[in-house]
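> here's my sequence, what's the structure:
(chains A and B)
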Amino acid sequence: MRLPCPYCGPRGSDEFVYLGSADPVRPASHDAPTEAWTDYIFLRDNPFGANRELWHHTYGCRAWLIVTRDTRTHEVLGAETARTATAPPTQVAAQ
Amino acid sequence: MRYSLAALLKNALSGNAHWTPVWREPEPKPAYDTIIIGGGGHGLATAYYLAKEHGITDVAVLEKSYIGSGNVGRNTTIIRSNYLLPGNTPFYEWSLKLWEGLEQDLNYNAMVSQRGVLNLFHSDGQRDAFARRGNAMRLNGVDAELLNREQVQRLQPLLDVDNARFPIKGGLLQRRGGTVRHDAVAWGYARAADQRGVDIIQNCEVTGLRIESGKVVAVETTRGTIKARRVGIAVAGSSSRLAAMAGMRLPIESHVLQAFVSEGIKPLIDQVVTFGAAHFYISQSDKGGLVFGGDIDGYNSYAQRGSLPVVEDVMSCSLALFPSLSRVRYLRQWGGIMDMSMDGSPIIDRTPIGGLFLNAGWCYGGFKATPASGWCFAHTIATGTPHQLNAAYRLDRFATGHLIDESGHGAVPNLH
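Next comes the predicted model:
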């Protein structure tokens, strides 16, 4: 599997580290209800089809990317840097 | 037809023309008392124990493809019960006990082979951790032996014990662990369930769950709507998809795990051997092929095929343990889709929806659990309450904090 890094071009997946879905929203405060934290930490949409996911180009430019990939076929539908993403990921900010 | 030496002789003398099909192929009825979604090992075992232990025979098992096409035919066939935590050990030990009596119980040769499972360790710290796990097993009545380097060498003379980076200091051996022919498990349970009146319906994919007033009343399938009083989901790999039909989100991600078989060679590796420095496990089938695997690929996938970095990783692990395998050629490689739960342990429980039960989250440890999983899921469905053995495998444990995390890693989907 190859991922199209916006900076480096298409690179083998072994240059990247996978974090997971880019969509979970971290609760705004530590006082948020337990359900909100359970939802954020443990529950997953686990989509059958297009998945917006975070990859770190660890052995390349070290940028965080948001890759949209079809989980049924591994076909990559698009990639953008997390910094300039139209819908910014919440996990990167939290790390 | 009961399988026996007499039946074998009789059929051999009559030209093998009178063997009957191993199970029927019935059309789905409009309604059943209980429907099990998923004709894998766990689903078939559940149907069998519903009939055998609880007398519930108005049961259909719905399989989207054919029996044996999913994970029950894609694993590395290992059975063991070498767990540390109280929520796990009794459950897996019960599974191993069921394996020990399975062939007589099912009247089917599943080639259960208790050849031993040997977990290697490579440092003093790892020896301490393995000694602790071995002691926890023995306190639960499970067999475990801590072996030193020389004892390991006697069992596995080809191991590279003096490996410069990861020298082998010893191992934890469970002699009652071993391997089972996985296809025969699916066929044996299917046949035994069928003989007790269970309808096994292949090529019947569930497309929706009909829920009225908070209770499941029917399942929509590619072969029409089928009513049911109770529905059990046992579709590891696709659990999130089925749960979504009932409006639930699960603490599960689907990931691809690859496995490999080499060309057949003479007997070389007598036990199941696992590497302690990286994730790798290997055994030798009765046909002579080396059966081995490693880590999941590490990204969400439903594709049933992986990519090459993991192939390279698994091959380098095999050579780190057994340098003499360098010229063995591998024949086949495949992928299966794992339900990776967020604490590495499974779920066998009721759901918030009346009459709907869930069996999921097996990570890559589902095969060894097949008999106990079916046994406990059948108990949970038949009585409406979990058995003591699966009481810890609750769906709500992620909210209450009662996680069963063997390796203490926190919420990540790569545990087992």
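> does anything pack onto the strand or helix carrying B:G294? Which helices or strands?
Using DSSP states H and E, B:G294 sits within strand B:289-300. With contacts taken as 3 or more CB pairs under 8 Å, 6 or more residues apart in numbering or on different chains; DSSP states H and E, strand B:289-300 sits against strand A:17-21, strand A:50-56, strand B:252-264, strand B:281-284, helix B:308-321, strand B:330-341. Where you see a C-beta, it was placed from the backbone N, CA and C, and this is true even at glycine.
> contact residues of chain A facing chain B?
Applying CB under 8 Å from any CB of the partner chain, one finds that chain A approaches chain B through A:1, A:12-14, A:18, A:20-21, A:34-35, A:38-39, A:41-48, A:51, A:53, A:69, A:71-74.
> go again with 10 Å.
In this structure, chain A approaches chain B at residues A:1-3, A:12-21, A:34-35, A:37-49, A:51, A:53, A:55, A:67, A:69-75, judged by CB under 10 Å from any CB of the partner chain.
> as a quick check, tell me the outermost residue of chain A.
In chain A, A:D31 marks the outermost C-alpha relative to the chain mean, sitting 25.8 Å out by CA atoms, centre = their mean.
> just say helix, strand or coil for that residue.
State at A:D31, reduced to three classes by DSSP: H, G, I helix; E, B strand; the rest coil: coil.
> pLDDT score for it?
Predicted confidence (pLDDT) for A:D31: 93.
> ok, residue 41 - how many residues close by?
By default, I'm working from chain A. Neighbourhood size, A:I41 [other CB atoms under 10 Å in any protein chain shown]: 16.
> could you do chain B instead?
Around B:G41 there are 31 residues (other CB under 10 Å).
> still on that earlier bit, strands - which of the residues of chain A next to chain B land there?
Applying DSSP state E to the residues of chain A next to chain B, the entries found in strands are A:2-3, A:12, A:17-21, A:51, A:53, A:55, A:67, A:69-70.
> what does the stretch 101-250 of chain B put close to chain A?
Neighbours of chain A within the stretch 101-250 of chain B, by CB under 10 Å from any CB: B:238-241, B:243-244, B:248-250.
> so who does B:A360 touch?
Contact analysis of B:A360 by CB atoms under 10 Å, 6 or more residues apart in numbering or on different chains lists B:38, B:42, B:233-240, B:242-243, B:250-252, B:339, B:341, B:346-349, B:366, B:393, B:395.
> which residues in the stretch 51-200 of chain B form helices?
B:89-106, B:124-139, B:149-155, B:182-195 (DSSP state H, counting those that start in this stretch).
> return the most buried member of the ones you listed.
Comparing the helices of the stretch 51-200 of chain B by mean neighbour count (mean count of other CB atoms under 10 Å in any protein chain shown), helix B:182-195 ranks first with a mean of 24.
> what about that helix, distance to the chain center?
In terms of CA atoms, centre = their mean, to the nearest Å, the gap separating the centre of helix B:182-195 from the centre of its chain is 14 Å.
> for B:L147, find the nearest of the helices and strands packed on strand B:289-300.
Between B:L147 and these, the tightest spacing by CB to CB is seen for helix B:308-321, at 15.4 Å.
> buried stuff in that closest one?
B:309-311, B:313-315, B:317-318, B:320-321 (16 or more other CB atoms under 10 Å in any protein chain shown).
> any idea how far B:Y302 is from B:G70?
As judged by CB to CB, to the nearest Å, B:G70 and B:Y302 stand 12 Å apart.
> comparing these two, which residue is more hemmed in?
More neighbours surround B:G70 than the other of B:G70 and B:Y302, with 25 against 22 (other CB under 10 Å).
> confidence score at that one?
For B:G70, the predicted pLDDT is 96.
> with A:A94 instead?
At A:A94, the model reports a pLDDT of 42.
> now do A:V25
Value for A:V25, per-residue pLDDT: 84.
> just B:G408 next, same as before
81.
> the one 4 residues further on too?
Predicted confidence (pLDDT) for B:V412: 79.
> which stretch of helix or strand covers it?
Counting by DSSP H and E, B:V412 is found in no helix or strand.
> filter the buried residues of helix B:308-321 by proximity to chain A?
Counting by CB under 10 Å from any CB, B:309-310, B:313 from those sit close to chain A.
> so who does residue 3 touch?
Defaulting to chain A. So A:L3 contacts A:9-13, A:15-16, A:18, A:55, A:57, A:60, A:65, A:67, A:69, A:76, A:79, B:299 (CB under 10 Å, 6+ apart).
> correction: the question concerned chain B.
Counted by CB under 10 Å, 6+ apart, B:Y3 has contacts B:11, B:19, B:22, B:106-109, B:188, B:191.
> where does chain A have low pLDDT?
A:87-95 (pLDDT under 70).
> circling back: same list, the helices and strands packed on strand B:289-300, but as a markdown table with distance to B:I226 please.
Formatted as a markdown table, the helices and strands packed on strand B:289-300 follow (distance: least, CB to CB, whole Å):
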| stretch | distance to B:I226 |
| --- | --- |
| strand A:17-21 | 34 |
| strand A:50-56 | 31 |
| strand B:252-264 | 25 |
| strand B:281-284 | 39 |
| helix B:308-321 | 39 |
| strand B:330-341 | 24 |
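> for B:G141, find the nearest of those.
Closest approach to B:G141 among these (CB to CB): strand B:281-284, 24.5 Å.
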